[in-house]
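In: I would like the atomic coordinates for the input below:
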Amino acid sequence: MTAQSPVVLFALGGTIAMAGGGGGGVVARLTGHDLVGGASGLDDVPIEVRDVPAMPSADLTFRDVLDVVESAGQAITDGARAIVLTQGTDTLEETAFLVDSVWSHEAAFVLTGAMRNPTLPGADGPANLVAAMRVACSDAARRRGALVVFNDEIHTARFVRKTHSTHTATFSSPDAGPIGHVVEDVARFLLDVPRRTPIAGFTEQSMAATRVALYTVTFDDDGGLLAPVAGTCQGLVVAGFGAGHVPAHLAPVLGELAREIPVVLTSRAGAGSVLDATYGAVGSERDLRDRGLINGGFVHPYKARVLLRLLVAAGASTAAIADAFAELG
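Out: Now for the predicted structure:
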């Protein structure tokens, strides 16, 4: 790898690649070459474009993302400098976390997109793509796993979340903040986040056979939707109230499930950790821990589902699953 080695751009579609749909709304029409051609200031960056079938990010699957990761890894092995992936923002926090969970290379893997499509004034796609390329080319971005670059901020996939449905500053990291910024076309990192241990051992077949449910606890929740989980899923993530609490009558139901499949307790609050031993009432985090639920810590529900599915598909034991979540705080 040299300064003249290319950054490989994978273009998966999304708002950044939208064009007029003839009165029926915007649709993905722009290729990776179109995106590069529409972003000024990249003449000094050797870029190799690899278009993959464009689709809304709501349609993406684990297999789609893992296929990109496999192709990206081969590109790095063949001499590429770094990877940039453009896609829709709806599931970007989950896909970034999935990439981060399995990316085993030192080279940077940067994800970006847009909130304002190219037909709108102030479309942010070109600026985000340029910033992503600058980060990807930075030696300081190496050995950091997957990064999300948006609005000139650099976020680690471990903490980033989409926090607004339309705002261009939608991506933030409530638990940690951005780890850097792009200033005058230079990636400037201010914080270091420990690199994760990549997950291996799963196969395409085991992933396809693994179903993990996400259950969000709500006010006056009767728990009726939990009944079929044990018979249809191999894992469950519970998004509990506050620091990891559920109604008392759900505690024994979740305890029974935890005896059959791994059940991870997370918080639906959007920031902060699940507690471990503060509250003692039935349905509290302490009670649920004693019933066999795994503490999700700072891993929030959507990402917890990604992590748990990978681990179950890889054949991880309950103890190994608990260790994997503990590693992330």
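In: going forward, measure contacts and count neighbours with C-alpha atoms only.
Out: Noted.
In: from memory Arg188 sits against Glu153, does it?
Out: No: look at Arg188 against Glu153 with CA atoms under 8 Å: they stay out of range, at 9.6 Å.
In: Find residues that contact each of the two.
Out: Common contacts of Arg188 and Glu153 (CA atoms under 8 Å, 6 or more residues apart in numbering): Gly180, His181, Val182.
In: Which of those residues sits closest to Thr119?
Out: Val182 (25.1 Å; CA to CA).
In: Excluding residues flanking it in the chain, which one is nearest that closest one?
Out: Counting by CA to CA, 6 or more residues apart in numbering, Val182 lies nearest to Asp152, which is 5.0 Å off, once chain neighbours are set aside.
In: secondary structure element for the nearest residue to Gly38 once chain neighbours are set aside?
Out: Spatial nearest neighbour of Gly38, chain neighbours left out: Pro126 (6.5 Å); criterion: CA to CA, 6+ apart. Applying DSSP states H and E as the criterion places Pro126 in helix 125-137.
In: And what about Gly231, helix, strand or coil?
Out: Secondary structure for Gly231, judged by DSSP: H, G, I helix; E, B strand; the rest coil, is helix.
In: How many residues are close by it?
Out: 10 (other CA atoms under 10 Å).
In: pLDDT value on it, please?
Out: With respect to pLDDT, Gly231 scores 91.
In: Please tell me how far it sits from Glu260.
Out: 9 Å (CA to CA, to the nearest Å).
In: Same check on Asp323?
Out: As judged by CA to CA, Asp323 and Glu260 stand 19 Å apart.
In: ok so, going back, roughly how far out does the very next helix or strand once past the helix holding Pro126 sit from the chain middle?
Out: Where DSSP H and E defines the elements, the next helix or strand beyond helix 125-137 is strand 146-150. Counting by CA atoms, centre = their mean, to the nearest Å, strand 146-150 is centred 10 Å from the centre of its parent chain.
In: what is Phe171 paired to in the beta sheet?
Out: Phe171 has these beta-bridge partners by DSSP bridges: Lys162.
In: My read is that it contacts Thr163, right?
Out: Yes: if you go by CA under 8 Å, Phe171 and Thr163 touch, sitting 6.1 Å apart.
In: And these two? Which one has more around it.
Out: Phe171 (23 against 14).
In: residues touching the more buried one, list them.
Out: Applying CA under 8 Å, 6+ apart to Phe171 gives the contacts Phe150, Val160, Arg161, Lys162, Thr163, His164.
In: ok, now Asp185?
Out: Asp185 touches Ala131, Arg134, counting by CA under 8 Å, 6+ apart.
In: Over to Phe202?
Out: Phe202 neighbours (CA under 8 Å, 6+ apart): Leu310, Leu311, Ala313, Ala314, Gly315.
In: Filter the residues you listed down to just the buried residues.
Out: Of the members of the contacts of Phe202, the ones counted as buried by neighbours, 16 or more other CA atoms under 10 Å, are Leu310, Leu311, Ala313, Ala314.
In: which of the shared contacts of Arg188 and Glu153 lies closest to Arg195?
Out: Out of those, the member with the shortest distance to Arg195 (by CA to CA) is Gly180, at 15.7 Å.
In: which residues does that closest one form a beta bridge with?
Out: Ile154, Phe189.
In: Give the burial count for it, as a bare number.
Out: Count around Gly180 with other CA under 10 Å applied: 19.
In: again with Thr232
Out: Thr232 has 12 nearby residues by other CA under 10 Å.
In: Equivalent analysis for Pro194, please.
Out: 12.
In: Could you pull up the contacting residues of Val229?
Out: Per CA under 8 Å, 6+ apart, neighbours of Val229: Ala213, Leu236.
In: And it, how far from Lys303?
Out: Distance, Val229 to Lys303, using CA to CA: 19 Å.
In: thinking again about what came up before, higher neighbour count, Arg188 and Glu153?
Out: Glu153 (24 against 18).
In: Leaving out sequence neighbours, find the closest residue to that one.
Out: Nearest residue to Glu153 in three dimensions, chain neighbours excluded: His181, at 4.5 Å (CA to CA, 6+ apart).
In: Burial check on the one you found, number of neighbours?
Out: Neighbours around His181, by other CA under 10 Å: 21.
In: Let me see the contact set for it.
Out: Residues near His181 by CA under 8 Å, 6+ apart: Asp152, Glu153, Ile154, Ala187, Arg188, Phe189.
In: quick one: contacts for the residue nearest to Val182?
Out: Asn128, Ala131, His181, Val182, Val183.
In: Of those residues, just the buried ones, PyMOL syntax please.
Out: Selection of buried members from the contacts of Asp152 for PyMOL, criterion 16+ other CA under 10 Å:
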select buried, resi 128+131+181+182
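In: Nearest to Leu85 among the contacts of Asp152?
Out: Using CA to CA, Asn128 comes nearest to Leu85 of the contacts of Asp152, at 11.4 Å.
In: If you count contacts, what does the strand or helix carrying Ala239 end up packed against?
Out: Secondary structure assigned from DSSP H and E places Ala239 in strand 235-240. Contacts defined by 3 or more CA pairs under 8 Å, 6 or more residues apart in numbering; DSSP states H and E place strand 235-240 against strand 212-216, strand 263-267, helix 301-313.
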